[in-house]
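>>> let's see this in three dimensions:
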Amino acid sequence: MELPLATRQRGWMPMPRLEISTVQPLGLARAWAYAWPAQNVLVYPAPETQAPPLPAPAGGQGRARVTRAGDDVHHLRNYRAGDAPRSVAWKASARRDTLLVREFEQQRHGELLLEWPQTTGLPYEQRIRRLARWIDDAEREGRRYAVSVPGQPPVAMGQGAQHRHQCLRTLALMPAESRHG
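Okay, here's the model as predicted:
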């Protein structure tokens with residue numbers, strides 16, 4: 001079950017008191033009850049909103065190779081900070097009044113290894129948010145990916161909803177303090 005809850009931090013959180021109410025069947029009266037769930041919920045990290053594109057796939061298939069002339073364009077997506085200007089679809093962007101970027105078929109292949117050192121230079125919590133965004137992006141693009149962060153067991157290569165939850169759980173359970181530089 002998913003319940004929208006405002007949270008301040010990732011990790012385990014006690015379930016707040018829930019109010020269950022109704023005005024059925026005629027809307028003339030309101031009935032309510034409170035429930036105090038005796039369990040905790042795991043809060044995933046909020047993904048970074050303006051993350052750069054996914055890092056190059058494992059095995060040396062860098063993005064520099066995938067934008068050669070002649071590669072098949074798979075689809076257009078919204079521009080994200082860090083996208084190369086040469087990948088912007090200028091004509092399509094002008095028609096839709098928003099920046100669109102070409103995604104090439106080759107970019108969809110190749111396994112991604114999402115590692116802590118790829119986020120060096122960012123504040124600790126932003127590094128976690130960047131990795132969360134990349135997990136969501138990789139999943140959306142149908143890519144296989146693995147996650148490796150300090151203090152947690154690595155998550156093997158995979159994809160799908162269950163794999164995404166396993167990766168986000170790994171990020172959610174990282175220690176709150178920056179002990180990993």
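>>> residue ranges with poor pLDDT in the chain?
1-3, 58-74, 81-83, 104-109, 177-181 (pLDDT under 70).
>>> which parts of it are helices?
63-66, 90-96, 124-140, 161-172 (DSSP state H).
>>> Leu42: which of these is closest?
Proximity to Leu42 (C-beta to C-beta) singles out helix 161-172 among these, at 5.5 Å. All C-beta atoms are positioned from the backbone trio N, CA, C, and that covers glycine.
>>> on that earlier part again, dump the helices of the chain into CSV; add distance to Glu103 as well.
Output for those, formatted as CSV (distance: least, C-beta to C-beta, whole Å):
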stretch, distance to Glu103
helix 63-66, 9
helix 90-96, 12
helix 124-140, 11
helix 161-172, 20
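>>> out of those, which is closest to Gly27?
Nearest of the helices of the chain to Gly27, taken as C-beta to C-beta: helix 161-172 at 37.6 Å.
>>> between the helices of the chain, which gets nearest to Ala29?
Per C-beta to C-beta, nearest to Ala29 of those: helix 161-172, 40.5 Å.
>>> elements contacting that closest one?
Helices and strands touching helix 161-172, by 3 or more C-beta pairs under 8 Å, 6 or more residues apart in numbering; DSSP states H and E, are strand 40-43, helix 124-140, strand 145-148, strand 155-158.
>>> most tightly packed of the ones you listed?
Most buried of the helices and strands packed on helix 161-172 by mean neighbour count (mean count of other C-beta atoms under 10 Å) is strand 145-148; its value is a mean of 22.
>>> contacts for it, please.
111-116, 131, 134-135, 138-139, 154-159, 163, 167, 170-171 (C-beta atoms under 8 Å, 6 or more residues apart in numbering).
>>> mind redoing it with 10 Å?
Strand 145-148 has contacts (C-beta atoms under 10 Å, 6 or more residues apart in numbering) with 54-55, 57-58, 110-118, 131-132, 134-135, 137-139, 154-159, 163-164, 166-168, 170-171.
>>> mind listing what's buried along stretch 84-97?
Using 16 or more other C-beta atoms under 10 Å as the test for burial, stretch 84-97 gives 87-89, 93.
>>> now, the most widely separated pair of the residues you listed?
Ser87 and Ser93 (11.2 Å).
>>> what touches both of the two?
79, 100-101.
>>> buried only: go through these for me.
So, by 16+ other C-beta under 10 Å, the buried ones in the shared contacts of Ser87 and Ser93 are 79, 100-101.
>>> state the distance from the closest residue to Gly160 other than its chain neighbours to Leu5.
Leaving aside its chain neighbours, Gly160 sits nearest to Glu139 (7.8 Å; criterion: C-beta to C-beta, 6 or more residues apart in numbering). For Glu139, the distance to Leu5 equals 22 Å [C-beta to C-beta, to the nearest Å].
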